[in-house]
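Trainee: output the structure for:
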Amino acid sequence: MKVRAITVDFWNTLFDSSNGFKRNAVRQHVFAEEIAKLDVKINQEDFQKAVSASWEYFNSIWMQEQRTPETIETIGFLWNHLNLPDKPDSVRRLAKVFAESILDYPPMLMPGAHDSLTELKSRGIKIGLISDTGFTPGTILRKVMENAGVLNLFDAFSFSDETGVSKPNHKAYLTILEQFNVAPAEAVHIGDIEKTDIAGAVAVGMHAIRFSGDETGVLNKDNPRITRGNAEIHHWSSFVEAIESIK
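Mentor: The predicted structure follows:
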């Protein structure tokens, strides 16, 4: 099979989840600052319960509606869950900090990714990125990619906060393939989550490779032992060979 395009997942495939603790520390500190301005007392237990509720809110929408709430929507839910006074400026400031903290404490590019993508690019293969976004929108993730030296390797992007849908929704994949004018059977998607990355790619007729090389991942822990994709790799150095083996 001649592969004309590949699409790549961002989290725990192209990048790991490192520095998440530091990002969250910054976010919690600024949240505490905003609460302090209101002369309202929130104990740590209630705050953590609200954080957990906001993640449940996010995950419910992500899985059931196949979209990802924008940063300000999730922050607004957290703010309201704590019964805080109506303060739109505070919510907007928090949303900005939650989104941009990744620039100070970025995740790490997965080893071998740059070399593999560069090799495929040299062969004339189009490369797209398909990412479900959380607190960090696509505009900021592009900066993370630029700072890591890989943005210029990508020809198109499908971020869930921009397309309005998340994986496994067909639109997440077709947004890229239509831009490339490439049939699904001529494309390969690589990602770490079976029920989103792999299931979505297979459903639209693409080939798929499951990436299992990032031990910092959390959402891929419930993956089945056997993938529905064409192959599973544990390091980016195996990616080109895996593509070449697809018939």
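
Trainee: confirm that Ala199 sits in a strand.
Mentor: No: counting by DSSP: H, G, I helix; E, B strand; the rest coil, Ala199 is not part of a strand but helix.

Trainee: per-residue pLDDT of it, please?
Mentor: For Ala199, the pLDDT comes out at 97.

Trainee: once you drop chain neighbours, what's closest to it?
Mentor: Distances taken as Cβ to Cβ, 6 or more residues apart in numbering put Pro168 closest to Ala199, at 4.8 Å, once the chain neighbours are dropped. Using the backbone N, CA and C atoms, a C-beta is placed for each residue, glycine as well.

Trainee: quickly find the element holding that neighbour.
Mentor: Pro168 belongs to no helix or strand when assigned by DSSP states H and E.

Trainee: distance between the lowest-mean-pLDDT helix or strand in the chain and the chain's centre?
Mentor: Here the helix or strand of the chain ranked lowest by mean pLDDT, DSSP states H and E is helix 44-64, holding a mean of 88. Centre-to-centre, helix 44-64 and its host chain are 18 Å apart (Cα atoms, centre = their mean, to the nearest Å).

Trainee: and for that helix, what's in contact with it?
Mentor: Here helix 44-64 makes contact (Cβ atoms under 8 Å, 6 or more residues apart in numbering) with 28, 31, 67-69, 74, 77-78, 81-82, 132, 134, 166.

Trainee: related to what we said a few turns ago, verify the stated contact: the residue nearest to Ala199 with Gln66.
Mentor: Yes: at 7.1 Å, Pro168 and Gln66 qualify as touching, with contact defined as Cβ atoms under 8 Å.

Trainee: next, the residue sitting furthest away from the middle of the chain: phi, psi?
Mentor: The centre of the chain is farthest from one residue, Asp39, which by Cα atoms, centre = their mean lies 36.0 Å away. Dihedral pair for Asp39: phi 60, psi 40, per degrees, to the nearest 10.

Trainee: that one and His81: what is the separation?
Mentor: Counting by Cβ to Cβ, to the nearest Å, the gap from Asp39 to His81 is 19 Å.
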